[in-house]
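Asks: Prediction below, plus the sequence it came from.
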Amino acid sequence: MIPREAVQRIAAALGEEAVEEHPARELDGLAVAATLRPADGEAVARALEAVGACGLAAVVKGGGNRLGIGNLPNREALFLATERLSGVDEFEPAEGVCHARAGTRLAAADAIVRPHGWEIPFDAPGETATVGGVIAAAAVGPRAHGHGRPRDLVLGLEVALASGQRTHCGGRVVKNVTGYDLNKLYTGSFGSLGVIEGAWLRLRPLPERTAVFEASASRLEGVGARGLAAARRATARAVAIAVSVRGAECDVRFAIELAGDAPSVERDAAWIEEHCDARAAEAGAVDRMRALQGRDAEAFGLRFRIDALSSRLEPVLAQLCGRCTSVLVYPGLGLLFADLRLDRADAGQVDSAFRFAARSARAGGGSFVCESAPAWAKQGRDVFGAAASALPLIESLKQRFDPGRILNPGRFAGGI
Amino acid sequence: MSGLIEALASVVGQDGCLSRPEELLVYECDALTLHAAKPTAVVFPRSTDDVVRIVEACRRFGTPFVPRGAGTGLSGGATANEGAVVVECSRMNRILELNAEDRYAVVEPGVVNADLSKAALPSGLFYAPDPSSQLACTIGGNVAENSGGPHTLKYGATTNHVLALELVLPSGAVVQLGSATGWTVGYDWVGAVVGSEGTLGIVTQATLRLEPIPEGVETLLGIFADVVAACRTVSGIIQSGLVPAALEVIDRRTIAAVEASVYAAGLPLDAGAVLIVELDGPAPALPAQVERVRGIAAREGATRVEVARDDAERQRFWRARKGAFGAMGRMAPDLYVHDAVVPRARLPEVIEKVCAIGDRYGLKLSNVFHAGDGNLHPNISFDRRDSDELERVIAAGAEILETCVEAGGVISGEHGIGSEKRDYMGLLFSEADLDAMKRLRTVFDPDGVCNPGKIFPTTRFCVESNPRARGYDRVPLES
Ligand SMILES: Cc1cc2nc3c(=O)[nH]c(=O)nc-3n(C[C@H](O)[C@H](O)[C@H](O)COP(=O)(O)OP(=O)(O)OC[C@H]3O[C@@H](n4cnc5c(N)ncnc54)[C@H](O)[C@@H]3O)c2cc1C
């Protein structure tokens, strides 16, 4: 329970309208009973000061799509929602950059730049995904293959630190080595270092032509290689493969999206049709695959994200299909999302699943994150796997940016 | 100090340790020759283990250290402040793995940039970041500076190509950061270390992404009556949605210097500026792109647009660009290469202002730059023995940086801050912004022994140049 006087104190700092007490909403086993909605960056800073002063903690909430990624919270917290920090406040078509406030939904930002021939190159799953949330989670979808990842697209950030200090890093220009590149640290930090208020983004020009294809298969053999070959075509913007496993059988579906100038797309389209045994599909094929990525795991399910070297995709996929109910693969990105079903709420089964994920990641030359799991299954575990030799650095950075542990407490890698 | 020298020599051998004053002379500065400082010694490790033992020896004797590659840096990044020991990485120059299937290479820091692309060529791959100094500069230096080059426009800078790093921390501990898959769990340490200018540790291994060599390439040379028209063309190309591999502008004075040198490329001496446009990618795309660029250039008043007919002609166009710095050596004994970035749409007006600043100070200022990224390189040719001229060079440089910042830009696009621009950081960053960077620094180097005196402003200047930064010296950095 959040003490009454704490709520009052925060409301006094932020204004009544920015504080909502509500029936408890569950976040990985924690009952969160209040949401702060600061109206601007200054209010975010004041909110953090007030939260810290009351001995509470805050979990930053954008669209809420990826809140489930993280370890169990280790102290009482409230939500700090970015929804009022909304809008594209600067956009220069001649430069191909824009500044969006953190709570801006991707679709809303895209609607502003698109008529001028640009697109917001973020592709995270979830209708409500926000600019700040995508950056904080370093969230990618299949189109990150063509667009690049958030780390490649964020030019500058405004960030309110736990101390209430408001800072910025980077800038609005497309090339910049002025000081440390803190953009990279905040991107993918899951709100553990500061609250992103807004971001300068590099936009991508709209392609002249796109073409979408689907293919299917009933055997796993050659699936990884076929996907990778498609992804390595010059105009391939997204390749996704969904594998459903039913005992010894499996059902494999491919979605491939090409984007670029007309002659190159046409040439690659012919290649895809011939070599991938694919047929033209409607525009939403890739989005439907992406929706699978965004789904929560089932009640007794775990979802792992595993990264692998291209040359090892095929054996890792085969290994995963030996035990998982479904696997989604983005071959161009070297990512696999694997769903595992447990028979019951049994910690031993979870241990075994984590060991399996770790083995699969090792086989692929990469790492794993358990992106979705019921709270009981997270107990006593680090869903980020092992961050190995960097753990002392993670701990030390957290200590310097958030010594009071008020931001997303306990939930990031290493349980910080 | 002799105890330290002995300890260092015991790690790298007598022939791997320089300490006589005449030997140290060439290590007093990098390519920013205005800033010099005498190192205590220069050591040449051959392995990560050597580097660890060197760092441990320096720590025992309380002497700071500074990593160094080829010394081509232009911001004083590799100068040995506070009598630091220079850890020179040129003997760690092996390509340890070249994985064509997974498109990456694992290299030691002393590998020369161009050698990596050469080694990858038979596999149909190349290493995209291509600083003009690529025949000399090293991967260690590139990682530290987050170096770019003409092709950064399409392919990105070093940071977009580093997958993993091995780093010797200032404590002597060795950490592995990132992964050859390009994904990492936890914070993006690789992203934070790239561009940190050798202040967070010594890179002893880098895993780098290689790119497939594009199927086709077309190189155009647009000739313009003035540099502003060339810049307008650049803006037009960006706005049109084309993403060329390179967009480089060379102005009249640079043309004159190049044409009078061994790099002469047959550029018209009466041109106000030339624009090199390189388009690469799938072959079927290129003819239409060439026509679009021609159209935009014509609209902006190009007097002529040539398209390279073959590789020899392409090399000729590029010779002018790549030889520009060398050619300027003929104009005066010293050259100050500036580096700042402005929003691309502001290029035409900023370039006019920059030229006006040079003229107002009576300086020989010429421009050759990565226009597609908005990355300016105003170059000032001068003679440092003329103290009045030197003062004007410094004053003009400061005004140029201020002009770029006013236009929404930043004070370095690829050369870094080093010791050169540390006192201009306050133009862009508040006390709180710099404090956040210092927090990162203290994670890696709490005692400030790794490349001291770089990036962060001296207190006085920061406070003066930015009223928001007042009280910087009182901010506790250790929490
Ligand atoms: C003619 C000329 C043209 C140039 N053109 C370009 C250009 O187009 N683009 C561009 O970006 N730059 C350019 N530069 C600048 C320079 O070449 C780059 O900054 C280059 O990356 C420096 O590499 P280096 O090996 O010479 O490093 P150095 O100058 O020796 O060192 C640079 C920095 O790297 C650090 N460092 C070196 N090795 C390591 C290591 N192993 N671990 C950690 N830190 C290390 C040093 O401490 C220092 O801070 C040019 C320079 C010249 C002289």
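Replies: Yep, it's here.
Asks: In the stretch 251-400 of chain B, what residue comes closest to the ligand?
Replies: In the stretch 251-400 of chain B, no residue comes nearer to the ligand than residue B:325, which is 4.0 Å away by Cβ to the nearest ligand atom. In short, each C-beta sits where N, CA and C put it, glycine included.
Asks: just the stretch 151-300 of chain A next, same as before
Replies: residue A:177 (8.0 Å).
Asks: measure that residue to residue A:6 for me?
Replies: Using Cβ to Cβ, to the nearest Å, we find residue A:177 at a distance of 43 Å from residue A:6.
Asks: Between the two, which is the more surrounded one?
Replies: residue A:177 (29 against 19; other Cβ atoms under 10 Å in any protein chain shown).
Asks: how about that one, secondary structure?
Replies: In terms of secondary structure, residue A:177 is coil; the call rests on DSSP: H, G, I helix; E, B strand; the rest coil.
Asks: which residue sits closest to residue B:261, ignoring its sequence neighbours?
Replies: Take residue B:261 and drop its neighbours on the chain: the residue closest to it by Cβ to Cβ, 6 or more residues apart in numbering or on different chains is residue B:327, 3.8 Å away.
Asks: What's the separation between that neighbour and chain A?
Replies: Between residue B:327 and chain A the computed distance is 24 Å (Cβ to the nearest Cβ, to the nearest Å).
Asks: Number of residues surrounding that residue?
Replies: A total of 23 residues lie near residue B:327 under the criterion other Cβ under 10 Å.
Asks: I'd like to know which elements the host helix or strand of it is packed against.
Replies: Taking DSSP states H and E as the definition, residue B:327 sits inside helix B:324-328. The criterion is 3 or more Cβ pairs under 8 Å, 6 or more residues apart in numbering or on different chains; DSSP states H and E, and the helices and strands that helix B:324-328 contacts are helix B:252-259, strand B:334-337, strand B:364-370, strand B:378-382.
Asks: Let's have the ones you listed in CSV, adding distance to residue B:176 and mean neighbour count.
Replies: As requested, the helices and strands packed on helix B:324-328 are arranged in CSV below (distance: least, Cβ to Cβ, whole Å; neighbours: other Cβ atoms under 10 Å in any protein chain shown):
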stretch, distance to residue B:176, mean neighbour count
helix B:252-259, 44, 22
strand B:334-337, 35, 20
strand B:364-370, 33, 26
strand B:378-382, 40, 23
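Asks: Pipe the ones you listed into CSV and attach distance to residue B:127 per row.
Replies: Below are the helices and strands packed on helix B:324-328 laid out as CSV (distance: least, Cβ to Cβ, whole Å):
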stretch, distance to residue B:127
helix B:252-259, 26
strand B:334-337, 23
strand B:364-370, 18
strand B:378-382, 26
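Asks: Tell me which of the ones you listed sits nearest to residue A:350.
Replies: Distances from residue A:350 to each of these were compared by Cβ to Cβ, and the smallest falls on strand B:364-370, at 51.8 Å.
Asks: wait, does that closest one contact chain A?
Replies: Yes. Against chain A, strand B:364-370 shows contacts by Cβ under 8 Å from any Cβ of the partner chain at residue B:370.
Asks: And the strands in the stretch 51-200 of chain A, which stretches?
Replies: With DSSP state E, counting those that start in this stretch as the definition, the stretch 51-200 of chain A shows strands at residue ranges A:57-61, A:77-81, A:88-92, A:97-101, A:118-119, A:154-161, A:166-170, A:194-202.
Asks: so residue A:185 makes contact with residue B:184?
Replies: No. Under the criterion of Cβ atoms under 8 Å, residue A:185 is not in contact with residue B:184, lying 11.8 Å apart.
Asks: domains for the chain, by residue range?
Replies: By default, I'm working from chain A. Using automatic domain parsing, the domain parsing of chain A gives A:4-84+A:400-415, A:88-205, A:207-239+A:253-291, A:295-385.
Asks: Can you look at chain B instead?
Replies: With automatic domain parsing as the criterion, the domains of chain B are listed as B:2-90, B:95-212, B:216-328, B:428-479.
Asks: and the longest one, how far out from the chain's middle?
Replies: For domain B:95-212, the distance between its averaged C-alpha position and the chain's averaged C-alpha position is 14 Å (Cα atoms, centre = their mean, to the nearest Å).
Asks: same check, this time on stretch A:135-150
Replies: Centre-to-centre, stretch A:135-150 and its host chain are 8 Å apart (Cα atoms, centre = their mean).
Asks: For the stretch 151-300 of chain A, which residues are neighbours of chain B?
Replies: A:151-152, A:159, A:161, A:165-169, A:171-185, A:187-189, A:205-206, A:232, A:234-235, A:260-261, A:263-264, A:266-268.
Asks: Just the buried ones from those residues?
Replies: Those of those that meet the buried threshold are A:151-152, A:159, A:161, A:165-169, A:171-185, A:187-189, A:205, A:234-235, A:260-261, A:263-264, A:266-268, by 16 or more other Cβ atoms under 10 Å in any protein chain shown.
Asks: Please narrow the residues you listed to those residing in helices.
Replies: Mapping these onto helices (DSSP state H) picks out A:151-152, A:182-185, A:263-264, A:266-268.
Asks: Now render those as TSV, adding pLDDT.
Replies: Formatted as TSV, those follow (pLDDT from 0 to 100):
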residue	pLDDT
A:151	98
A:152	97
A:182	98
A:183	98
A:184	98
A:185	98
A:263	96
A:264	97
A:266	97
A:267	97
A:268	98
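Asks: Just give the nearest non-adjacent residue to the closest residue to chain B within chain A, would you?
Replies: Using Cβ to the nearest Cβ, the single residue of chain A nearest to chain B is residue A:184, 2.6 Å away. Of all residues not flanking residue A:184 in the chain, residue B:191 sits nearest, at 2.6 Å (Cβ to Cβ, 6+ apart).
Asks: That neighbour contacts residue B:160, correct?
Replies: No. Contact between residue B:191 and residue B:160 fails when scored by Cβ under 8 Å: they sit 9.8 Å apart.
Asks: who has more neighbours, the two?
Replies: The residue with more neighbours, out of residue B:191 and residue B:160 and counting by other Cβ under 10 Å, is residue B:191; that gives 27 against 19.
Asks: Ramachandran coordinates for that one?
Replies: Dihedral angles of residue B:191 (phi, psi; degrees, to the nearest 10) stand at phi -60, psi -30.
Asks: Could you measure from the spatially most central residue of chain A over to residue A:231?
Replies: With distances taken as Cα atoms, centre = their mean, residue A:139 lies nearest the centre of chain A, 2.3 Å away. Distance check for residue A:139 against residue A:231: by Cβ to Cβ, it reads 19 Å.
Asks: just residue A:62 next, same as before
Replies: Applying Cβ to Cβ to residue A:62 and residue A:231 gives a distance of 29 Å.
Asks: Comparing those two, which shows the higher neighbour count?
Replies: When neighbours are counted by other Cβ under 10 Å, residue A:62 comes out ahead of the other of residue A:62 and residue A:231, with 29 against 23.
Asks: Identify the residue nearest that one in space, chain neighbours excluded?
Replies: Spatial nearest neighbour of residue A:62, excluding adjacent residues (Cβ to Cβ, 6+ apart): residue A:133 at 2.7 Å.
Asks: Kindly report the residues of the stretch 1-150 of chain B close to chain A.
Replies: By Cβ under 8 Å from any Cβ, the part of the stretch 1-150 of chain B that sits against chain A consists of B:99, B:101-103, B:145-146, B:148.
Asks: From what I see, the residue of the stretch 151-300 of chain A closest to the ligand and residue B:146 are in contact.
Replies: Yes. Taking Cβ under 8 Å as the contact criterion, residue A:177 and residue B:146 are neighbours in contact, 4.8 Å apart.
Asks: what's the overlap in contacts for those two?
Replies: With contacts taken as Cβ atoms under 8 Å, 6 or more residues apart in numbering or on different chains, residue A:177 and residue B:146 have B:157, B:195, B:414, B:416 as neighbours in common.
Asks: so what's residue A:308 up against?
Replies: Applying Cβ under 8 Å, 6+ apart, one finds that residue A:308 lies in contact with A:316, A:334-336, A:361, A:363-366, B:181.
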